[in-house]
Structure formats: structure tokens, C-alpha cells
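# Quick one, fold the following:
(one chain, ligands or ions: 1)
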Amino acid sequence: DSRKYTGIVEDCCCDYETVDSLNGEVLHPLLQELVTTPFFRYFKVKLWCDCPFWPDDGMCRLRDCSVCECPENEFPETFKKPLPSDDLVCQEGKPQATVDRTVDSKAFRGWMVIDNPWTNDDETDNSEMTYVNLQLNPERYTGYVGPSARRIWDAVYSENCPKYSSGEICQEKKVLYKLISGLHSSISIHIAADYLLDESTNLWGQNLELMYDRVLRYPDRVRNLYFTFLFVLRAVTKAADFLEQAEYDTGNNAEDLKAQSLMRQLLYNPKLQAACPLPFDEAKLWQGQSGPELKQQIQKQFKNISSLMDCVGCEKCRLWGKLQVLGLGTALKILFSVDGQNHPDQILHLQRNEVIALVNLLNRLSESVKLVQEMGPSAENIMGGL
Ligand code: FAD
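Here you go, the predicted structure:
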């Protein structure tokens, strides 16, 4: 077997081979379909934000940086009829691009609006929130490079989760570092998988060299990607009771039933339960004496990372940065903020946007794992041989 990664994913409970086959056969196809349903494709986000750390220095080179918002007539009325395919163009700058800020009272019945203790944005504050159709704004290469982008990653790593040196740091801090590093790998893989190869002809495609240079040549970064995937997968399955009963109601019956059915297939998947019933074991953490303080400290650090997303100088990167950080914050909340076993009075409540972020994050990670599995060997062969 020519596999490069074998054995158990560090600090997790399943091995690389199992993750690859489960993902390829079950998780990836389910998630890909789930995120196209109306419930999961509209994300509420505050895109225009003041960076609390540095003056704004938008560093976008490509027009592809900007995000198309949902025009008022699209949301939620067109839930009832599918979008004509030629509508899949940016509405930016057109009069119909005005944002509907009243949707919350019109749609999504049955959801609570509560603040997530792990993230910076106040999710209960609807002013300045806009709705973005994620299907029209894929995460890919945007041309956001240079000191502005570098500064964010540097701040994320150096101020919030310095790379642990082996044996020196506690398990919990290691988890935070690995989650961020795994997310970073995933973002880099998406940039490499959907890259502007030739600006003059607008040719997009895979950039194996970039994937190798940024991720594959560092086995740790690949391992952290698998770790983050399993961590988020565990959060989703741990929240199964909540997610099964949640209302995926957008007014489009057929699509809403489809979302619910796909969600069930994901949550109670026999193959997943047989091969990897506990993707990550959160019960092992916070056991030491300083557990509660440590949790507070890490929560604060994660909040800082969340507020750094306001400084990302490219709109589309900010959109996906915010979504994925909220997704991670939701996973952290599920695994660490609610303890129904020891405290039966604590019941898990997730808000709609948290669920959308969580599932879309899991899908992005699942895609990255698949891309590494598929493109990895050829990228390693080409680049490693040079
Ligand atoms: P960077 O990816 O900026 O990495 C900086 C440094 O971090 C590296 O030199 C290395 O020391 C360390 N590092 C890199 N990867 C890892 C890892 N996995 N684990 C641990 N350490 C690591 N650009 C786009 O084109 N599209 C996007 O959608 C996009 N989204 C972004 C979202 C966020 C939140 C941020 C901060 C940036 C985003 N960018 C996006 C920019 C992109 O991530 C890179 O910063 C940019 O492409 C420049 O890359 P780089 O080669 O300088 O290395």
C-alpha cells in the first residue's frame, strides 16, 4: 500500500484509511447535496465591519473578491421556485442587489436567536447583517495575498495559539492550534483546487504546485486537516438529537423534506456508526484541576480569532472566514459548553446560522480531505520529484 498517512488520526479515534473511505462513500456525497438545499445555502453575515486592530487596507486584486448578496426578490420568495440558471451571476451594483433585512421575521420559524459564547459577532444583532447565497460565492482563489493576508494568519497563530512544542503544552491548547491549522490547510486546498491559472483567458483549474507548497509538503498540516474534520464530525453527531428535530422550514416543502432526510442519513449513518462511532473523544479534555480556567482562556483566545475575521481585507475570504470560524465555534460550543450528561439542566440550543455554518464547514473539510486523497499522490509525485 502506497498510502502516506496510516494509523489513527492523532488524538482521534479512527484511522486515516477509514476516514478516507467513509468520506468518499458516504459523508462527502451527502454533504454536497445537503449544502445545496435552500436552508443551508443562505448564510447571515455581517460583511462590512471595522477591524479593531488595524486600519482597513483592502488588498483585493481580483474582482472575484467581492460577494454577491441575495437580492430582496430572491429571499425568501424564490425558495418556492428554483433559480433560473442564468441568474447565477453576480448581482453586485444592480438595483436588485438591495438586501432584505427583514427576512428573519418572515422565514425560519422555530429557531432561537442566542449568542455563541465562542465567537465575537453578536448573532442576535440583525442590523448590518446581510444574506449571502453560498452557492453563488464559492470559496476559491481570490488574489488576496501579501502583507494583509499574512498579518491575519500571523496574528491568529502568534497571539492566540502559538505552535505547541511537544510535551510542553497541555492537550487543550494543542486542540485549538490543530483546529486552526486544519482550517488553514483546508482554505489553502480550496485555493489550490480552484485557482485562476491564466488571467488573460480567465482559465480556472487546479494548481498542484500550490497545494504541494502550502500543505502537502508539511505532513502536520495534512494531519491537522483530518483532525479538524473528525472534531467537527463528532460535534455534528453529538448534536444529533437537536439536529434531527430542528425545523428546516424555508417554505419549500420538497426541498425542506430533502434537507431533513439528508440530515438524518448523515446523523444516523450505519456505516459511520460501525466504522467510526466516536470520531473524537471530548470527554478526555478539561479533566485537570485548572480545567474551568483553561476553558475560559481558550474561549477568549477563540473569540479573538473570531474578531480577527473582521480584518480580512477581501470580502469573499471574510465571508468564508467568518462562516468557518462560526462553524468551529459551534463545534466547540457543542462539545465543550453544554454538558447534558453531568448537568441535565443544560440543553443544547443552536441557532439557525450556527447550524448552517457547522454543516457548511463540515462540507468544506470533507471536500479538502477528498482533494488531498485524490490530488495528493500526483502532486507529491510531480513536486516531490523536482
Ligand atoms: P499563508 O497561507 O498566508 O500562510 C502564512 C504562514 O502560516 C505560512 O508561511 C506558514 O508559516 C503558516 N501556515 C500556512 N499553512 C499552515 C497550516 N495549515 N498550519 C499551520 N501553519 C500554517 N485567499 C484566497 O485566495 N481565497 C480565500 O478564500 C481566502 N480566504 C482566506 C480566509 C482567511 C481567514 C485569511 C486570513 C486568508 C484567506 N485567504 C484567501 C488568503 C490565503 O489564506 C493566504 O493568506 C494567501 O493566499 C497568501 O498565502 P501564503 O503563501 O503567503 O501563506
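# got the residues of the protein near the ligand?
Contact residues, the chain versus the ligand (C-beta under 6 Å from any ligand atom): 139, 141-142, 144-145, 149-150, 152-153, 181, 184-185, 187-188, 191, 214, 221, 309, 312, 316-317, 320-321. C-beta coordinates here come from the backbone N, C-alpha and C atoms, glycine included.
# Can you name the element that comes right after the helix or strand Ile191 falls within?
If you go by DSSP states H and E, Ile191 is part of helix 171-193. Counting by DSSP H and E, the next helix or strand C-terminal to helix 171-193 is strand 195-198.
# Could you check the angle the one helix or strand Arg364 maps to makes with helix 171-193?
Taking DSSP H and E as the definition, Arg364 sits inside helix 352-384. Put simply, helix 352-384 runs at 70 degrees to helix 171-193, going by axes from the mean of the first three to the mean of the last three C-alpha atoms, to 10 degrees.
# for helix 352-384, which positions count as buried?
If you call a residue buried by 16 or more other C-beta atoms under 10 Å, then helix 352-384 has these buried ones: 352-373, 375-376, 379-380, 383.
# Tell me which other helices or strands the helix holding Ile191 touches.
helix 208-211, helix 219-238, helix 291-308, helix 315-332, helix 352-384 (3 or more C-beta pairs under 8 Å, 6 or more residues apart in numbering; DSSP states H and E).
# could these go into JSON lines alongside mean pLDDT?
Listed next are the helices and strands packed on helix 171-193 as JSON lines, based on pLDDT from 0 to 100:
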{"stretch": "helix 208-211", "mean pLDDT": "94"}
{"stretch": "helix 219-238", "mean pLDDT": "96"}
{"stretch": "helix 291-308", "mean pLDDT": "86"}
{"stretch": "helix 315-332", "mean pLDDT": "93"}
{"stretch": "helix 352-384", "mean pLDDT": "91"}
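# quick one: which of those is nearest Trp48?
helix 315-332 (8.8 Å; C-beta to C-beta).
# That closest one packs against which elements?
Using 3+ C-beta pairs under 8 Å, 6+ apart, helix 315-332 sits against strand 42-46, helix 171-193, helix 219-238, helix 291-308, helix 352-384.
# Quick check: Leu208 vs Ile180, distance?
Leu208 sits 25 Å away from Ile180, taking C-beta to C-beta, to the nearest Å as the criterion.
# wait, I meant Gln245
Distance from Gln245 to Ile180, by C-beta to C-beta: 32 Å.
# Same question for Leu243.
Noted for Leu243: a distance of 25 Å to Ile180, by C-beta to C-beta.
# next one: Thr37
According to C-beta to C-beta, Thr37 and Ile180 sit 29 Å apart.
# Could you do Ile187 as well?
Distance, Ile187 to Ile180, by C-beta to C-beta: 11 Å.
# Leu358 now?
Following C-beta to C-beta, the distance that separates Leu358 from Ile180 is 17 Å.
# Over to Ala155?
Look at Ala155 and Ile180: by C-beta to C-beta, they are 11 Å apart.
# Comparing these two, which residue is more hemmed in?
Ile180 (22 against 16; other C-beta atoms under 10 Å).
# Just the pLDDT for that one.
As predicted, Ile180 sits at a pLDDT of 95.
# ditto for Tyr131
Predicted confidence (pLDDT) for Tyr131: 81.
# Likewise for Gln135?
For Gln135, the model assigns a pLDDT of 85.
# ditto for Ser66
For Ser66, pLDDT reads 68.
# The closest residue to Ser307 other than its chain neighbours and the ligand, how far apart?
Counting by C-beta to C-beta, 6 or more residues apart in numbering, Asn120 is the residue found nearest to Ser307 once chain neighbours are left out, at 3.9 Å. As judged by C-beta to the nearest ligand atom, to the nearest Å, Asn120 and the ligand stand 13 Å apart.
# Could I get the contacting residues of Asn120?
Going by C-beta atoms under 8 Å, 6 or more residues apart in numbering, Asn120 touches 303-304, 306-307, 309-310.
# would you turn these into a markdown table with neighbour count?
What follows is the contacts of Asn120, written out as a markdown table (neighbours: other C-beta atoms under 10 Å):
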| residue | neighbour count |
| --- | --- |
| Lys303 | 19 |
| Asn304 | 17 |
| Ser306 | 21 |
| Ser307 | 17 |
| Met309 | 26 |
| Asp310 | 20 |
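# closest to Met129 among these?
For the contacts of Asn120, the nearest to Met129 is Asp310 (13.6 Å; C-beta to C-beta).
# Return the residues in contact with the closest residue in space to Asn269 that isn't next to it in sequence.
Excluding the flanking residues, the one nearest Asn269 by C-beta to C-beta, 6+ apart is Val26, at 5.7 Å. The neighbours of Val26, taking C-beta under 8 Å, 6+ apart as the test, are 269, 271-272.
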